[in-house]
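> Provide a 3D model corresponding to the input given below.
(chains A and B)
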Amino acid sequence: MRIDQTLDGNSARRLSPAMIYPIIDWFIPASVKENSELQQRARMFLISHLFGPFLGHTITVYLYLLDPAPNYALWVLAASISLFLSFPFALRWTGLYNTLAVLSVQNLIFAILWGCYHYGGLSSPFLPWLLTVPLLAFFYLGSAAKQRLLVLSLIAFNFGGFYVAYAQAHHFPEHIPLSELSGIGIISTLCAAVYVSIMALYYGNIVASQSELEREVRRHLATARQLPTAKAEAERANKAKSEFLAKMSHELRTPLNAVIGYSEMLLEEAEESGAEDQTSDIKRILTAGKHLLTLVSSVLDLSKLEAGKMELFPERFELGRLIDDVQASCQEEVAAYANRFVIECPDRQAILETDMAKLRQAITNIVNNAAKFTRGGVVTLTARVTNGLAEIAVRDTGVGIRRENLTELFQNFGESKGATASKYGGTGLGLALSKKLCRLMDGDIEVESEMGKGSCFTIHVPLTLRTGVKDAGVETDGGSPHANTGDDGNTILVIDNDQSVTSLLHQILVKEGYHAIAAHSAEEGLALAPAVRPGAILLGALLPETDGWLVLQRLKSNDMLRSCPVILLTAHQDAAKGRAFGASGHLIKPIDRDQLLRALRSVRTGTEDEDLGNAFLDRAAS
Amino acid sequence: MTKILLVEDNEMNRDMLGRRLLRQGFAVCFAVDGPSGVKMAADETPDLILMDVALGDMDGWEATRLIKSNPGTRQIPIIALTAHALASDRDTSVKVGCADFDTKPVDLPRLLGKIRGCLAA
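Below you'll find the predicted structure:
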């Protein structure tokens, strides 16, 4: 409806003489403006009351000129016609539109019948004006049966008065001879015609603007219908891109592995046979092959991360061991540019339970990056534990990064451009990959830098990978890790725009060993759902209320999410509607902890309904 | 001499890994697909089997299952080799009875460590 009104105003303005609106709208009180339909009728009312009396008075002026002795008959008619001019002001001050409209119709009937009675009786030239009465009444009051009856009663009542007046005198008074009224007959009929035409034109405009409005709304609806398709298309295209990259990287790796494997063999043989003139060449092939493999692997990893297919394999290990590994694999790279590699690790014994290989990969990328942009300087790797997080800082004394480049530093292929890139090389994949890997482990990377002085990259990751988050089935003894499938069923997505609701649910769920993810809007919820593949969705009432249903519908129309049970949390009993839309359960706010957990257990084990129905009834009864 | 059966359908990988194992002093025999791998296991009774899991019609898991269900070959330790370090692959390896699991491309020192570990056990 809100859309309707704005569109309505615009199109009406475009189609009508715009200058009238400021004048007539001044008379419309706020209470009437709230209702767009009433506002339209009020505009018709105002146009006819502001312009009608002037048309009417052409007749009184004519009568005045004709009448040799103007008397009360003329003055009453003039007063009655002038009275119409007071209606717009009355509307502005009282706001009683319907009452005024009825009074106006009454005044109109009176003026016409008074004119007829005194000037010509049943053959009066004013008689055609009677035709305007039902028309105007319809414009003012709408077409409801009650209003029609009221207007007809008014006409009948006035005709009654007309007849009574005639019956008492047995004839009509004759202020002006009937023969002299023929001239005014033409004027009167013309005025009535002009008057009705103006109103009809205005009405036609409204109808036209309304149908334009309807077309507009239909266009909007059509666009809205196409949006999900377009979005699905875009998502499909993105997925296809990721799959293509993954496939290509895989296909590239196979021949690369042969290159690396055979060069390793050649190297082993050359070293054994003492063919030292060959070893350096073979080493170059090997190094180039390994470098290429790293790049291809980075692309594969990035596309996996983007497709949400990267898995985590948590292990239990000491921080010191991780740092030793990094030192071993980066030593050569750091030294290659005549840099000193300084390691500081005060918390060597600290135990981490996270994906060691991916954390090592992230740190190695950062260290290699630091080494690459530093010549004859120092690369310092500092690892320690702060606030339950592992903090790994890599500081260099290299060229530094421009402030304006910091933001795009972690974008894929976002490495510094131009001269820097050509001097130092690189694709910029490493940093993007590191950032994404850290994020996957619930951590992050920050960077500070000063041009010419160097940069400092700091990684923070939780010491323990949240079990149940990405890895519900992990045995924390460091034994065989399980798949992080994401749809392990332990993740619960909570969609509610009320932060107090989501945080309460989060507390309850986390305490029970679930992993809760909150979304505070419909869009956020719909974006998160396919990404996290939750075991169940708790869908609260979203404002505006209809969004909740829309979200439910959208979830159920998504192939990937259709099977995911949705439990509605609402303030009232919409169980039937919820089921019709495909909800698996329904809980009434305020949420009862036990019922919530029962509901979750039952939807997840597939026992459904009975428990939930009870939960629902219990709640409704209390 | 310790005999290793390498079940691998890719000719290049077979050649590469086979030659490197030979140089490490192992006797190596080859199978190019699942069924011949099962047959070789029974005929040659190797000390250890390296099983690529991505084989044509009969995959490495199925071949492992068959080898493990034959009393004559059940005791032979099998190391599964996959191209992906997927947890589900590890799980399946354990489930079908593999002694260990490694990813390709082969990191020879690491694989040798695993081979020696299996042989010692």
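
> residue ranges for the strands of chain B, please.
Secondary structure of chain B, counting by DSSP state E: strands at B:3-7, B:27-31, B:48-52, B:78-82, B:100-103.

> and what of the stretch 301-450 of chain A?
A:315-318, A:340-344, A:351-354, A:378-386, A:389-396, A:444-450 (DSSP state E, counting those that start in this stretch).

> Is it possible to get TSV of the ones you listed that adds mean neighbour count and distance to chain B?
In short, each C-beta sits where N, CA and C put it, glycine included. Shown next, in TSV, are the strands of the stretch 301-450 of chain A (neighbours: other C-beta atoms under 10 Å in any protein chain shown; distance: least, C-beta to the nearest C-beta, whole Å):
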stretch	mean neighbour count	distance to chain B
strand A:315-318	17	12
strand A:340-344	14	23
strand A:351-354	20	14
strand A:378-386	18	24
strand A:389-396	21	22
strand A:444-450	16	23
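
> how about the ones you listed, which one is nearest A:L213?
With C-beta to C-beta as the criterion, A:L213 lies closest to strand A:444-450 of the strands of the stretch 301-450 of chain A, at 49.5 Å.

> any idea of the angle the closest one forms with strand A:389-396?
30 degrees (axes from the mean of the first three to the mean of the last three C-alpha atoms, to 10 degrees).

> Not counting its neighbours along the chain, what's nearest the most centrally placed residue in chain B?
The centroid of chain B falls nearest to B:L50 when counting by C-alpha atoms, centre = their mean (1.5 Å). Leaving aside its sequence neighbours, B:L50 sits nearest to B:L6 (C-beta to C-beta, 6 or more residues apart in numbering or on different chains; 4.9 Å).

> who does the one you found bridge with?
B:F30, B:L50 (DSSP bridges).

> Run the angle between the helix or strand bottoming out on mean pLDDT in chain B and strand B:48-52 for me.
Across the helices and strands of chain B, the lowest-confidence element by mean pLDDT, DSSP states H and E is helix B:87-96, at a mean of 78. If you take the same axes, to 10 degrees, helix B:87-96 sits at 140 degrees to strand B:48-52.

> Could you give me the buried positions within helix B:87-96?
B:A87, B:D89, B:R90, B:D91, B:T92, B:S93, B:V96 (16 or more other C-beta atoms under 10 Å in any protein chain shown).

> Which of those residues sits closest to chain A?
B:A87 (3.9 Å; C-beta to the nearest C-beta).

> Alpha carbons of stretch A:161-179, as PDB, please.
Extracted as PDB, the C-alpha positions of stretch A:161-179 are listed here (Å, rounded to 0.1, in the frame of the first residue of the first chain):
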ATOM      1  CA  GLY A 161     -40.800  19.500   0.400                       C
ATOM      2  CA  PHE A 162     -41.000  20.700  -3.200                       C
ATOM      3  CA  TYR A 163     -44.400  19.100  -3.500                       C
ATOM      4  CA  VAL A 164     -45.700  20.300  -0.100                       C
ATOM      5  CA  ALA A 165     -44.700  23.900  -1.100                       C
ATOM      6  CA  TYR A 166     -46.500  23.500  -4.400                       C
ATOM      7  CA  ALA A 167     -49.600  21.800  -2.900                       C
ATOM      8  CA  GLN A 168     -50.100  24.700  -0.500                       C
ATOM      9  CA  ALA A 169     -50.000  27.500  -3.100                       C
ATOM     10  CA  HIS A 170     -51.500  25.400  -5.900                       C
ATOM     11  CA  HIS A 171     -49.100  27.200  -8.300                       C
ATOM     12  CA  PHE A 172     -45.500  28.200  -8.700                       C
ATOM     13  CA  PRO A 173     -44.600  31.800  -8.000                       C
ATOM     14  CA  GLU A 174     -43.700  33.800 -11.100                       C
ATOM     15  CA  HIS A 175     -40.900  36.300 -10.400                       C
ATOM     16  CA  ILE A 176     -39.900  36.300 -14.000                       C
ATOM     17  CA  PRO A 177     -42.200  35.400 -16.900                       C
ATOM     18  CA  LEU A 178     -41.500  31.900 -18.200                       C
ATOM     19  CA  SER A 179     -41.000  33.100 -21.700                       C
END
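
> So what touches it?
Stretch A:161-179 is contacted from outside by A:63, A:66-67, A:69, A:71, A:73-74, A:113, A:116-123, using C-beta atoms under 8 Å, 6 or more residues apart in numbering or on different chains.

> ok, the residue nearest to A:V399 when sequence neighbours are not counted - contacts?
Distances taken as C-beta to C-beta, 6+ apart place A:F373 nearest to A:V399, at 5.3 Å, with adjacent residues excluded. Counting by C-beta under 8 Å, 6+ apart, A:F373 makes contact with A:D396, A:G398, A:V399, A:Y424, A:S455.

> if I look at the second one, how far off is chain B?
Summarising the geometry, the distance separating A:G398 from chain B, computed by C-beta to the nearest C-beta, to the nearest Å, is 31 Å.

> tell me the pLDDT at that residue?
What the model reports for A:G398 is a pLDDT of 87.

> contacting residues around it?
A:G398 sits in contact with A:A370, A:F373, A:T374, A:R375, A:G377, A:G454, A:S455, where contact means C-beta under 8 Å, 6+ apart.
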